[in-house]
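Asks: Could you look at this predicted model? Sequence included:
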Amino acid sequence: MTYTNLALAEEESKLEAALEESRNLLIEAPTGSGKSLFIPYFLSKHCKGRVVVLQPRRIAALALAQFSAKLHSEPCGKTVGYQFRQESCKSADTRILFQTYGNFLQELLHGKLDADWVVFDEYHERKADMDLLFAYFKARRSPIESGMTATRVAVMSAALNRDELEAVLGVKCLSLGHPLYPVQIINQVPATGTSLVSGVGLDAEVVRALKTLYRNGIWQTTLVFLPGKAEIARCHSAAAEALGNNCAEFLELYGGQDRETQDRIFEVTERPRVIFTTNIAETSITVPNVTGVVDSGIERVSLYDDSEKVNVLRTMPISMQNAIQRSGRSGRTQNGCAIRLWSEESEKRMPRGIVPEVLQIEPSELILQKAALESESVLQLPTPIPEAREQVATKLLEGFGMLQDGAITPLGLKAIRTPVSSIPLALLLASAQSKAELPDLLLAALAWIHSGTEFLQKSKVAYDVMTLAADTLSKAANVPREVSFTLRQLKEYRDGIAKDDVSTSWRATTRHLDGCPI
């Protein structure tokens, strides 16, 4: 297979005409059309520098880079590479680099920008880092007048808010491609007493949908979209018991899995498969031979509770944009079928578009990142931070000495460049005057606080963080990969501290942390 085999290859003349008309591109193309692969390849042919392709998730960045490298008949790290928080595979010769939005933002905050083109893929998801980067490059879109680097932007997805983005970017949205194969949509009305959001009857509805696909011969690879790992485990067990392990190979796909397990899912096989997954498989990745989709219609979302001042996980209905993305996972190589576990009547009440993340989070980190990028011009986020929440967060940052009159301070700039996202933890690190003030035990504790949340939530016993830290250093306990990686980053950060680098010691700043949630 080559790039010319991708569906969008036949649209190359339209892309060339669009490049001549405007600096930036706004592209809408259906799922399965190959936009995440072909557009970066096309842009790399029309520029001398690097094309950076931003993805919402590591698994998508990795899978796309590996597939794109195969189309070049090369291993990753040559013409095509990837880079995200825990791994990098690139070289000076890399022309197309797949990165996560978060990793690219961190590089930008450290003053690094090496790209002729930045491709915003799956922008419909509207994560906070997406919006911040979009605001940054929007402010830089007149390089000749401002003297800035002439980085160009391509924004694309299967479903975009076209009118809004056309007005902001000043370009006409280019509609490309067409669905490769038809996908039949079936609404499966839940049985009486079922409550999918609370999980009551979810496994029974999934088994019912799988039996429908099986009886109708739609039985190659089926993706079952569920809100989290607990639901995945429960539905996996129920399906294996109801259908039998000889009926199909049952697999699970979610964030944080080991590479071997994830790679297995992307292998081509003739055996029927059922893959229970979160929304990690909703965009950008292509699982081979998907003919069926079972969509629970729910997802798990982290929301900030203003009254309790904590983030809470809630199971909520998805939007129709999500549903379109999920059903589009089938119908790529042959006719597909998507069974939605909700009625047509309830579908009328579903939100049309995804709620921007900026409306759901505690915005301290975002405000500080935004201030760090505003040295050249004021940035206007596509969706403003809620005013009351912004005022509280700004007051907190000013009290910590990270902001002054809306501008970032040297302490704030150093904090935003630490390896942690929590503002209190970043303050603790940024305020250290010497390496001695960040001993291994403290760093191990910070690594657990920052990256061990999932492990601690799953545990059935209570842990003392300092005991965990001591066991980590003595290697007396198995340490989650995220915690180990964060600890390594923290040690590297400490090793780079100059003795008199910051004016305020961390002992003096700990008074600010009293009563502040970490």
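Replies: Good, I have the coordinates.
Asks: Tell me how many other residues surround residue 417.
Replies: Using other CB atoms under 10 Å, the number of residues around residue 417 comes to 16. Placement of C-beta: from N, CA and C, glycine included.
Asks: I misspoke; the intended subject was residue 223.
Replies: Residue 223 has 24 nearby residues by other CB under 10 Å.
Asks: which parts of the one helix or strand it maps to are buried?
Replies: Assigned by DSSP states H and E, residue 223 belongs to strand 221-225. Using 16 or more other CB atoms under 10 Å as the burial criterion, the residues of strand 221-225 that qualify are 221, 222, 223, 224, 225.
Asks: Which segments of this protein make up each domain?
Replies: The chain is divided into the following domains under automatic domain parsing: 3-175, 183-354, 363-513.
Asks: Where do the helices of the stretch 351-500 of the chain begin and end?
Replies: For the stretch 351-500 of the chain, the helices defined by DSSP state H, counting those that start in this stretch cover 364-372, 387-399, 410-416, 423-430, 440-451, 453-458, 465-474, 481-495.
Asks: looking at those, which has the lowest confidence?
Replies: Among the helices of the stretch 351-500 of the chain, helix 453-458 carries the lowest mean pLDDT, a mean of 75.
Asks: circling back to that earlier point, show me which of the buried residues of strand 221-225 is closest to residue 153.
Replies: residue 225 (30.2 Å; CB to CB).
Asks: Can you tell me the strand partners of the strand holding residue 223 and which way each runs?
Replies: strand 273-277 (parallel), strand 290-295 (parallel) (DSSP bridges).
Asks: Kindly reformat the ones you listed as a markdown table containing distance to residue 140.
Replies: Formatted as a markdown table, those follow (distance: least, CB to CB, whole Å):
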| stretch | distance to residue 140 |
| --- | --- |
| strand 273-277 | 37 |
| strand 290-295 | 39 |
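Asks: looking at those, which is closest to residue 497?
Replies: It is, among these and with distance given as CB to CB, strand 273-277, at 41.7 Å.
Asks: send the alpha carbons of that closest one over as CSV?
Replies: Provided in CSV are the C-alpha atoms of strand 273-277 (Å, rounded to 0.1, in the frame of the first residue of the first chain):
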residue,chain,number,x,y,z
ARG,A,273,-12.5,-10.3,17.4
VAL,A,274,-14.5,-8.3,20.0
ILE,A,275,-12.5,-5.4,21.4
PHE,A,276,-13.9,-3.6,24.5
THR,A,277,-12.5,-0.1,24.5
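Asks: Which residues does that strand contact?
Replies: Outside strand 273-277, the residues within contact range by CB atoms under 8 Å, 6 or more residues apart in numbering are 210, 220-226, 232, 235-236, 239, 248-254, 265, 281, 287, 289.
Asks: re earlier: among the strands paired with strand 221-225, which is the most enclosed?
Replies: Of all the strands paired with strand 221-225, strand 290-295 has the most neighbours on average by mean count of other CB atoms under 10 Å, namely a mean of 26.
Asks: next helix or strand past it?
Replies: Sequence-wise, the next helix or strand downstream of strand 290-295 (DSSP H and E) is strand 298-305.
Asks: In the next helix or strand after that next one, which of the residues would be classed as buried?
Replies: Once the chain leaves strand 298-305, the next helix or strand it forms, by DSSP H and E, is strand 310-317. Across strand 310-317, burial judged by 16+ other CB under 10 Å covers 315, 316, 317.
Asks: what do you get for stretch 163-181?
Replies: Those would be 165, 168, 169, 171, 173, 174, 176, 177, 179, 180, for stretch 163-181 by 16+ other CB under 10 Å.
Asks: for residue 134, phi and psi?
Replies: In terms of degrees, to the nearest 10, the main-chain angles of residue 134 are phi -60, psi -40.
Asks: show me the contacts for it.
Replies: Shown in contact with residue 134 (CB under 8 Å, 6+ apart): 120, 123, 153, 155, 382.
Asks: With pLDDT and neighbour count added, can I get those residues in TSV?
Replies: What follows is these, written out as TSV (pLDDT from 0 to 100; neighbours: other CB atoms under 10 Å):
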residue	pLDDT	neighbour count
120	97	23
123	92	26
153	95	22
155	95	24
382	91	18
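Asks: Now intersect those with the strands, please.
Replies: 120, 153, 155 (DSSP state E).
Asks: what sits against residue 56?
Replies: 100, 101, 121, 122, 125, 127, 130, 283, 284.
Asks: Next one: residue 310 from residue 318, what distance?
Replies: Using CB to CB, to the nearest Å, residue 310 is found at 24 Å from residue 318.
Asks: now residue 169
Replies: 27 Å.
Asks: Count the neighbours of residue 440 for me.
Replies: With other CB under 10 Å as criterion, residue 440 counts 15.
Asks: Isn't it up against residue 473?
Replies: Yes. The pair residue 440 / residue 473 is scored as a contact, 5.6 Å apart, by CB atoms under 8 Å.
Asks: re earlier: nearest to residue 136, out of the contacts of residue 134: which one, please.
Replies: Distance to residue 136, by CB to CB, is smallest for residue 153 among these, at 9.9 Å.
Asks: hey, what's the closest one bridged with?
Replies: Applying DSSP bridges to residue 153, the residues it is bridged with are residue 118.
Asks: Just list the residues touching it, thanks.
Replies: 24, 25, 117, 118, 119, 120, 134, 137, 138, 141, 169.
Asks: rerun at 10 Å
Replies: Applying CB atoms under 10 Å, 6 or more residues apart in numbering to residue 153 gives the contacts 23-26, 115, 117-120, 133-134, 136-138, 140-141, 169, 171.
Asks: One more: residue 262?
Replies: Residue 262 neighbours (CB under 10 Å, 6+ apart): 58, 59, 62, 63, 251, 253, 254, 255, 256, 280, 285.
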